[in-house]
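Peer 1: predicted model follows, preceded by the sequence.
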Amino acid sequence: MKPARTRFAPSPTGYMHVGGVRTALFAWLLARHTGGQFILRLEDTDKVREVEGSGEHIAKSLRWLGLNWDEGIEIGGPHAPYKQSERLDSYKEWGQKLIEKGRAYADPYSKEQLDEFRAAAQAAKKPFLYRNHRPTDPPAWDGTMPLRFKSDPKDYQWHDAVMGDLSAGAEAIDDFILIKSDGYPTYNFAHIIDDMIMQCTHVIRSQEFIASVPNYLNLYEALEIERPVLATVPMVLGPDGRKKLSKRDGAKDILDYAREGYLPEALINFMASLGWNDGTEQEVFSVPELIEKFSLERVQRGGAHFDERRLLWMNGAHIRALPLDDLCKLAVEYWPSNTSDSTEEYKKQVLGLVQERLKYLAELPELTSFFFADLPVNMRLIDDNKQLKKFSHAELKAMLEQARASLEQSDFSATDLTQRLNTLLEQTGQKPGVLFSLIRIATTQAPSSPGLAETLSVLGRETSFRRIDQLLAVLQ
RNA sequence: GGCCCCGUCGUCUAGUGGUCCAGGACGUCAGGUUCUCAUCCUGAAGAUCAGGGGUUCGACUCCCCUCGGGGUCACCA
């Protein structure tokens, strides 16, 4: 396949959630798969809806995910600028060309008149078509009125790289606005001009634009430019509704996932699986694998519901697959302040023990608290334990004293501890459910922990005995 | 309402005429792994392939209709 030049062209109106980013991901994946380029362009032509700083926020999100761009905002490129608000001249120039060709004209109506037309159409249960009111003798365009496309309505059939063969009748085509009265172009016009100038080979966008495609097809013809490959990706749906995932329903900022300690690779894997698969039974993919295997042809046509539980599982799977050294680096900013006295080596050992339990990095503190601080003795852990509650405190105390004496001889390596604990089972004649539970609770004071021998080994002799003695003092 | 798109387990999906009384994964439930939590392993429940007509020896797969869902009909993208 020839190198594809794709682009992601968000509007800076807020943060990005999984739905928006997935469209970017597919465009990026195609560019990388074909050895082409990926462009990040900002469609900031709606000054009313624009949110200060969101362009930077979006760029930050993509960067965190590793969806790097070859040209675009913040880095420039051969077709700079990549902000539409800074490209007004070229829209004006191409608008002028259309006027000269007789394919664009000034819209003389007031907002009130337009509303009347629309209301009439709605009352007649008909779709509103501006071209039914096309002025016979429009004034010259002076930039204070909207500039409209003079469409040439006709039937279209076209191929969509995802949806397959599509078609629509002439009634889908209308005289849409090219340039607004504030001088900014509409999306409908600007993206076509920019994609042409920036030589994009593929336009990948979400499904809500599919109804406008006939208009774009008509405009490509009027402009006499070659049209790129069109690809319509299905929408990402909310968890339980049938509607598009939206911020209103609590769709999270992609950077919230970054803060909570989701891995970019996991998020990418998850988003890709929302509407794409390689036809095998593989579920977990690395980014390089995704790049190698991605194709638009295998993108799903129907929408996919966003299921955060699946994302959680996938993140855990990626964490488990991480080399321990990499996990250590990622974990740095998730350690609570009371761990700063501990050595890197100690933290690494702790991480090694909780790696397979971590679903996301932000739960590191609650999973590892007892490795860094003595927790208060909690008798509930013993009294509510279904094995230990059968024994009196005096019996438990005797058992723990015996265990302590035996453990005194240990060098506290995991293997030696395992051996001694096993001998202890024989000596006491107790089940692991009793003896191990007792020692585990004594040394961690936590409802759950990694395996006993490993935990003791990492805690070390001093801490282990201090905590055992603490419990012994309370057991009367 | 017009136009357009979509429709396989709760969810993500495999399936391009026979190997499918439909396979995998998440989730759920049960059991196993020397204690807990998790991992890992095993097993179970879970889809009349939206419904109805065709075509065909044979249809989840092709055609038609119906139903359901969604998108769009902005000086928003």
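Peer 2: In hand now; what should we look at?
Peer 1: for RNA strand B, give me its nearest residue in chain A.
Peer 2: A:Pro432 (2.5 Å; Cβ to the nearest atom of the strand). For the C-beta atoms, the positions are set from N, CA and C on the backbone; glycine is no exception.
Peer 1: A:Leu425 is in contact with that residue, correct?
Peer 2: Yes - in this structure, A:Pro432 is within contact of A:Leu425 by Cβ atoms under 8 Å, at 6.4 Å.
Peer 1: distance of A:Asp383 from A:Gln470?
Peer 2: Distance of A:Asp383 to A:Gln470, given as Cβ to Cβ, to the nearest Å: 17 Å.
Peer 1: tell me which of those two has more neighbours.
Peer 2: When neighbours are counted by other Cβ atoms under 10 Å, A:Asp383 and A:Gln470 differ, and A:Gln470 comes out ahead with 17 against 10.
Peer 1: which ones are touching that one?
Peer 2: With contact taken as Cβ atoms under 8 Å, 6 or more residues apart in numbering, A:Gln470 is in contact with A:Asp374, A:Val377, A:Ala442.
Peer 1: return a PyMOL selection command for the buried portion of those residues.
Peer 2: Buried subset of the contacts of A:Gln470, written as a PyMOL selection, criterion 16 or more other Cβ atoms under 10 Å:
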select buried, chain A and resi 377+442
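Peer 1: possible to save the contacts of A:Gln470 as JSON lines with distance to A:Leu452, pLDDT and secondary structure?
Peer 2: Listed next are the contacts of A:Gln470 as JSON lines, based on distance: Cβ to Cβ, whole Å; pLDDT from 0 to 100; DSSP: H, G, I helix; E, B strand; the rest coil:
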{"residue": "A:Asp374", "distance to A:Leu452": "18", "pLDDT": "95", "secondary structure": "coil"}
{"residue": "A:Val377", "distance to A:Leu452": "18", "pLDDT": "95", "secondary structure": "coil"}
{"residue": "A:Ala442", "distance to A:Leu452": "11", "pLDDT": "97", "secondary structure": "helix"}
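Peer 1: count residues in the vicinity of A:Leu400, would you?
Peer 2: Around A:Leu400 there are 20 residues (other Cβ under 10 Å).
Peer 1: what do you get for the one 4 residues further on?
Peer 2: The local packing of A:Arg404 (other Cβ under 10 Å) involves 16 other residues.
Peer 1: helix or strand for it, which one?
Peer 2: Here A:Arg404 sits within helix A:393-408, counting by DSSP states H and E.
Peer 1: check whether that helix contacts RNA strand B.
Peer 2: No - Helix A:393-408 stays clear of RNA strand B (Cβ under 7 Å from any atom of the strand), getting no nearer than 12.8 Å.
Peer 1: how about A:Glu260, nearest residue that isn't a chain neighbour?
Peer 2: A:Ala362 (4.5 Å; Cβ to Cβ, 6 or more residues apart in numbering).
Peer 1: so how far is A:Glu333 from that neighbour?
Peer 2: With distances taken as Cβ to Cβ, A:Ala362 is found 10 Å from A:Glu333.
Peer 1: same for the helix holding A:Arg404, what does it pack against?
Peer 2: If you count contacts as 3 or more Cβ pairs under 8 Å, 6 or more residues apart in numbering; DSSP states H and E, helix A:393-408 packs onto helix A:414-428, helix A:432-444, helix A:452-474.
Peer 1: hmm, try it at 6 Å
Peer 2: helix A:414-428 (3 or more Cβ pairs under 6 Å, 6 or more residues apart in numbering; DSSP states H and E).
Peer 1: now the helix it packs on: buried residues?
Peer 2: Buried, per 16+ other Cβ under 10 Å, within helix A:414-428: A:Leu417, A:Thr418, A:Arg420, A:Leu421, A:Leu424.
Peer 1: quick one, what contacts the first one?
Peer 2: So that's A:Leu417. A:Ser410, A:Ala453, A:Leu456, A:Ser457 (Cβ atoms under 6 Å, 6 or more residues apart in numbering).
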